Every structure is written in structure tokens, then in C-alpha cells.
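Colleague: 3D, please:
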Amino acid sequence: MPPPVNWLPLAVIPLALSSTALAQGEKEAEHVVNIVRELYTAHENEKEAPFFQSADRSLIDRLFTEGLGNIIWAEATQSKGEVGALDSAPLFRSQDVEISDFVIGRPDFSAGPTAATVPVTFKNQVKKDMIGYEDLRETEDSQEGRIANISYSDGEDLASILGAYLDPVEMTEAKRELLFEGDYMIGNRKATVSATSGGNLYRVQFEDDSDFKLYFGETTDTHAEYTNSDEKNEKVLSKFVIKNGETSGVFTDEKGTDH
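Modeller: The predicted structure follows:
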């Protein structure tokens, strides 16, 4: 099991909401925020935590969709108290956890009236981080919703992590379709590429950069393309293009220069 989380009780740390958190339909926004709040409150109390236990799945069923809840429960029952797919605190995506500046942000309803993404930001020791919670409701008027997935800043997501653990052959074959992992030389710069568990996002770490960048991969009949984008402005910043059957290709940097 992961080490205990070292942080002040939720009763002491203000679960701050942005001033506009309830702007998108007060009841809808309040509901999805409350789901995330309840999850963190339960996680603080080890006896009520939905993860790392196979004695009672009632909290799992209340907070998570059936699909995500089933694989959370399957991982817990298969690992039998040993380290399984979740080798770190799943609500903070870290083994060494010391949390401060914890904020539940404004729900984003841009995906549609029955879906919302709730950002959670915090500082873990000295590093700032953010986690996104995907919430789904059956209908636009429904006040009942569940967490459908948890997305992390390193490109991973909870459903894919658990899925790769429970069905490793299927996930491995998905990764093989794109064949974009390992070390690459781009001019005189070395880049190390690793796929996420879901197989469609890739972490690219240039040896002279302090942090990795995420690239989204997709295939066509002739080639595979991996793009790092500014989603807010809908702009591709840089990309890799590799023709089918080849192990090298063209990298276009942020200046538009091909390598």
C-alpha cells in the first residue's frame, strides 16, 4: 500500500472554490464539486477510503460510474492488499505526498450539459500539480452524477492505468500500433519517448529540457502523427510524423523548422 498522505485535515485546509465555481448552473456545479469533495474527505479517513480495500464497495458505487467503479473494485480484489496497479496515492499521483494549497476549481461544462470536468490544484511539497475529474450525468436535468475518470498531469488517467493492469495484453497491442517509444536523436538533441497506459498520449523528454511535453498520437493509412498543441488556442506547437513501416521520421519544431 502507498504511504499515508501527510496533509492537514480537510476541516482545516479550506476546500477553496473559485468565485465563479457556481456560475454554470448553481445546482449542477455544486453537485459535481461535492462529489470530488466527498472523495477527498473519504480518502483522508483510511477506513472509508474507496481505494486499497475489498471489504465494501458502497462508496465506490456512490462516487464512480459503473464502468470505472468495476475496474477499481477488480484491481482491489485481485491485488489482495499487495501493491497492484495503484502504487501511489491515486488522488495525488505521487508516493511522497505532503499537500498544501489545495483548491477544487470551477467545473467546466464545455463538453456538454451531461458532462463536466472538475480541476483540482495543489502543491505537493514544492511542486504544483493539477488533476482533472470527469463527471457524467444521465440527463441534462439529472442531479445525480458520478466520476467517470481521473486524469493526471503526466498524461495518465485512472481508467487506463487500471485497464493496463487488469488486461495487459490488450493495452500492449494498442501501444504497438503506433510504435513510438524509446530514444530519438533530433538534430543533436536526444529525446526520450514513453507511452502512457492508454497508448494515445506520449511523454517526450528532451535531455536539455527541465520537464516533458505531452504529444497526442493518431494514425492514418500512410503515417502516424504525434502533436503537442496549445488546446486553448487550437494551435499545433510541434509534431512528429513517421511513415508507416519506418522507425524514423520528421520533427517540426515550434518555429516551423523540420529536423
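Colleague: bridging residues for I99?
Modeller: W7, N124 (DSSP bridges).
Colleague: and it, what pLDDT?
Modeller: Here, the pLDDT recorded for I99 equals 87.
Colleague: Could you report the neighbour count for it?
Modeller: 20 (other Cβ atoms under 10 Å). (Glycine included, C-beta is placed from N, CA and C.)
Colleague: low-scoring pLDDT stretches of this protein, where are they?
Modeller: 1-27, 46-48, 81-83, 113, 137-144, 168-179 (pLDDT under 70).
Colleague: tell me the domain ranges of it?
Modeller: Here the domain parsing of the chain from automatic domain parsing is 6-166, 171-252.
Colleague: now those in TSV, with distance to D258?
Modeller: Compiled in TSV, the domains of the chain are given as follows (distance: least, Cβ to Cβ, whole Å):
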stretch	distance to D258
domain 6-166	25
domain 171-252	5
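Colleague: Out of those, which one sits most buried?
Modeller: Burial among those, expressed as mean neighbours by mean count of other Cβ atoms under 10 Å, is greatest for domain 6-166, which shows a mean of 16.
Colleague: Give me the distance from that domain to the chain's centre.
Modeller: 10 Å (Cα atoms, centre = their mean, to the nearest Å).
Colleague: How about stretch 218-232?
Modeller: With Cα atoms, centre = their mean, you get 19 Å for stretch 218-232.
Colleague: Touching it from outside, list them.
Modeller: Around stretch 218-232, the neighbours that count as contacts under Cβ atoms under 8 Å, 6 or more residues apart in numbering are 177-180, 200, 202, 204, 213-217, 235-244, 249.
Colleague: again, but for stretch 68-76
Modeller: Outside stretch 68-76, the residues touching it (Cβ under 8 Å, 6+ apart) are 50-54, 57, 60-61, 63-64, 84-86, 146-149, 158-159, 162-163, 165-166.
Colleague: at 7 Å what do you get?
Modeller: The set of residues external to stretch 68-76 that reach it, using Cβ atoms under 7 Å, 6 or more residues apart in numbering, is 50-54, 57, 60-61, 64, 84-86, 147-149, 159, 162-163, 165-166.
Colleague: what phi and what psi does the backbone show at L59?
Modeller: Backbone geometry at L59, expressed as degrees, to the nearest 10, gives phi -70, psi -40.
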